[in-house]
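1. Got a sequence here, can you model it:
(one chain, ligands or ions: 1)
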Amino acid sequence: MASIDVMRDPTKTGKAIRAQIRDTIPKDLALETDFKEGTKYTITEHVIKLMDELCKDPRTLKVFTSLVKHLHAFARETGLTHDEWRLAIEMLTRAGKESTDFKNEFILLSDTLGLSVLLDELSHPRPDGATESCEEGPFFTVDAPELPSGTSLIKDGTLGEAMFFECTLKNLKGEPVKGAKLEVWQADGDGLYDVQYPDRVEANNRARIIATDDGIANFHGVMPTAYPIPSDGPVGDMLAATGRHPHRASHLHFHITAPGYDTLTTALYPDFSPFLGTDPVLSADKAEWANMGFKEGDVTTGRVHIWKYAFVLASNEEVAALKAKK
Ligand SMILES: [Fe+2]
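-> All right, here's what the predicted structure looks like:
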């Protein structure tokens, strides 16, 4: 930035900012071209050069150099106007002000722009045959209770139709994964996560389930229904401006961890969804409900959704080998 002296100098304050910067940068930090008569000045090069000279941390330098290059290229490519940039700044300001512990507009933005899932793809590449990953979404919390397999996910009074979920956890060789934990979180039958209830006192519809050494985990709870992501904030405005809707098909979220295996963040969608498409079925057999852990009176609609899935985890070595190839 221009120094205070330069800003106060009436012969200089009328100059374009790039000229002010040029005049105040020590010569040894400025680009050669800045001082050559008739050469085209590039503000991008200037900022990069400054960081190159002053930033001590190589990774920070790499990230910010790339950020400046791409941000400037974006402005040039789109011919970004002041009004548009002001709108973007207002949106980001609102995103900060309207974010809470349980509704983070920046996570929504990252998810809806596809950045979250891209980062996961880059950090956790999956070998063929391993379960695909997807974004975590904005409703993960750290207070889910740790419970054994066979547990109930819900508190009394939770809305929704009964559901039993069971999965196997295997590696790419088809062997059971030992020591796995399956963190699950989901919406209820009204399409709402526990954190969306203002009177939430404890975790509901979420748990960290300890799988058996045979690589099996199950729980019972309610079938989630479709829900819109929060669209009353700036991200909702962005979706509307780009012609997108905020609705998501019903789904279950998972973080799956196990010693020696790459963490899997994923979600399952029922077969009527246009996304991953797995296959819950229905059971009307009361004896079967008891085996799933439901007590008398738990099932009020005369049927239980049964959802089974086989997760395939990649080992740390398999993921490291894929990363090394890139
Ligand atoms: Fe979700």
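2. Just list the residues touching I48, thanks.
-> I48 makes contacts with 65, 68-69, as judged by C-beta atoms under 8 Å, 6 or more residues apart in numbering. Placement of C-beta: from N, CA and C, glycine included.
3. what's the offset of the helix or strand harbouring it from the middle of its chain?
-> In this assignment (DSSP states H and E), I48 forms part of helix 43-54. The chain centroid and the centroid of helix 43-54 are separated by 31 Å under C-alpha atoms, centre = their mean, to the nearest Å.
4. Can you give me the buried ones in it?
-> Neighbour-count burial for helix 43-54 flags 45-50 (criterion: 16 or more other C-beta atoms under 10 Å).
5. Check stretch 195-209 too.
-> 195-196, 203-209.
6. Could you identify the most distant pair in these?
-> Using C-beta to C-beta, the buried residues of stretch 195-209 span at most 22.3 Å, a distance reached by Q196 and I209.
7. Need the nearest residue in space to V319, chain neighbours excluded.
-> D262 (4.2 Å; C-beta to C-beta, 6 or more residues apart in numbering).
8. Using CSV, write down the CA coordinates of the host helix or strand of the one you found.
-> Per DSSP H and E, D262 falls inside strand 261-268. C-alpha atoms of strand 261-268 as CSV (Å, rounded to 0.1, in the frame of the first residue of the first chain):
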residue,chain,number,x,y,z
TYR,A,261,-7.6,-47.3,6.9
ASP,A,262,-8.2,-44.0,5.2
THR,A,263,-11.1,-42.1,6.8
LEU,A,264,-14.2,-42.2,4.6
THR,A,265,-16.7,-39.4,4.7
THR,A,266,-19.7,-40.3,2.7
ALA,A,267,-23.5,-40.4,2.5
LEU,A,268,-26.1,-42.9,1.4
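9. elements contacting it?
-> strand 252-258, strand 304-313, helix 316-325 (3 or more C-beta pairs under 8 Å, 6 or more residues apart in numbering; DSSP states H and E).
10. I'd like the mean pLDDT over the last one, please.
-> Here helix 316-325 scores 93 as its mean pLDDT.
11. Show me what that helix is packed up against.
-> strand 261-268.
12. Repeat that for the second one.
-> Strand 304-313 makes packing contacts with strand 162-171, strand 252-258, strand 261-268, strand 281-283 when contacts are defined by 3+ C-beta pairs under 8 Å, 6+ apart.
13. Could you dump those into CSV with mean neighbour count added?
-> CSV is the format used below for the helices and strands packed on strand 304-313 (neighbours: other C-beta atoms under 10 Å):
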stretch, mean neighbour count
strand 162-171, 22
strand 252-258, 22
strand 261-268, 22
strand 281-283, 14
